[in-house]
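Asker: Okay, structure incoming, though there's no sequence with it:
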């Protein structure tokens, strides 16, 4: 973290261990700042969900490429550059509500770089540009998010029956049924990639338990983290045994 690397520049941005402890009468009571940089970085990273950080990185990358293509410095972000960037998103057909993610990503990246808060929400010209963008795109029809129904589950099952590997078929069917009857988000049971797997967050085999292996009557799933559980307290979801439609989950 850049704000731990040197002395103060006049605004209290940097920490100076010797200056902070100089007035202490008891040397043993002085706070040792050595080695705290990694802890600050760890806590800073834990302030957002991993999926949010990935989204911000993607949005920030789009912004940086725009700046590179137009010979503009991406950071520290300027109101003029960000206004031009928002206009480019509008030309690509992006809606006004989606631009908020890009603005949040720009703010997050600048803070991460140790360049301070750009206070994007206080830029008057940008606020009017975003408002105009929302008005111009208000009539665009948003793609509705349809609910998963039992009929759709059966269609998925029929499609997965064509898979050659029976383990994959059963695994996909088990995951789909668990999400459906447990009202779970896909991000609570799957990972974006093998490299991103973290046993402290993601679902493991030991997080799924049954009362009886031979003739189970219910299933317990321990969800360690979710979008609505920002402090990762965890929750246990209990799924009762159903009829023959979902009997195939027992094979996994």
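Answerer: Okay, I see it. Keep in mind that what you see is a predicted model, and the values were worked out from it rather than measured.
Asker: can you pull out the helices in this protein?
Answerer: For the chain, helices defined by DSSP state H occupy the ranges 17-21, 36-46, 50-69, 79-91, 99-112, 124-137, 150-160, 166-182.
Asker: Could you look over those and pick the most buried one?
Answerer: Neighbour counts averaged per stretch over the helices of the chain are highest for helix 99-112, at a mean of 19; criterion: mean count of other C-beta atoms under 10 Å. Where you see a C-beta, it was placed from the backbone N, CA and C, and this is true even at glycine.
Asker: Against residue 93, how distant is the closest residue to residue 85 other than its chain neighbours?
Answerer: Closest residue to residue 85 in three dimensions, ignoring its sequence neighbours and counting by C-beta to C-beta, 6 or more residues apart in numbering: residue 66, at 5.3 Å. According to C-beta to C-beta, to the nearest Å, residue 66 stands 16 Å off from residue 93.
Asker: One more: residue 218?
Answerer: Counting by C-beta to C-beta - residue 218 and residue 93 are separated by 47 Å.
Asker: Looking at these two, which one has more neighbours?
Answerer: residue 218 (12 against 8; other C-beta atoms under 10 Å).
Asker: how about the nearest residue to that one, chain neighbours excluded?
Answerer: residue 240 (5.1 Å).
Asker: List the buried residues for stretch 217-229?
Answerer: Going by neighbour count (16 or more other C-beta atoms under 10 Å), the buried part of stretch 217-229 is 219, 221, 223, 224, 225, 226.
Asker: got JSON lines for those, with distance to residue 59 and pLDDT too?
Answerer: Rendered in JSON lines, the data for the buried residues of stretch 217-229 read as follows (distance: C-beta to C-beta, whole Å; pLDDT from 0 to 100):
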{"residue": "219", "distance to residue 59": "38", "pLDDT": "88"}
{"residue": "221", "distance to residue 59": "32", "pLDDT": "92"}
{"residue": "223", "distance to residue 59": "27", "pLDDT": "91"}
{"residue": "224", "distance to residue 59": "26", "pLDDT": "89"}
{"residue": "225", "distance to residue 59": "22", "pLDDT": "82"}
{"residue": "226", "distance to residue 59": "22", "pLDDT": "82"}
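Asker: So, low pLDDT: which residues of the stretch 151-252 of the chain?
Answerer: Counting by pLDDT under 70, the stretch 151-252 of the chain contains low-confidence residues at 243-252.
Asker: ranges for the strands of it?
Answerer: With DSSP state E, counting those that start in this stretch applied, the stretch 151-252 of the chain shows strands at 208-210, 218-223, 235-240, listed in chain order.
Asker: Out of these, flag the one nearest residue 102.
Answerer: Using C-beta to C-beta as the criterion, the shortest distance between residue 102 and those is 29.9 Å, found for strand 218-223.
Asker: name the helices or strands packed onto the closest one?
Answerer: Counting contacts by 3 or more C-beta pairs under 8 Å, 6 or more residues apart in numbering; DSSP states H and E, the secondary-structure elements packed against strand 218-223 are helix 166-182, strand 208-210, strand 235-240.
Asker: rewinding a little: as CSV, the strands of the stretch 151-252 of the chain with distance to residue 84 would be great.
Answerer: Below are the strands of the stretch 151-252 of the chain laid out as CSV (distance: least, C-beta to C-beta, whole Å):
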stretch, distance to residue 84
strand 208-210, 50
strand 218-223, 42
strand 235-240, 45
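Asker: can you list the buried residues of stretch 217-229 in CSV and add distance to residue 156?
Answerer: Putting these into CSV (distance: C-beta to C-beta, whole Å) gives the following:
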residue, distance to residue 156
219, 19
221, 19
223, 22
224, 26
225, 26
226, 23
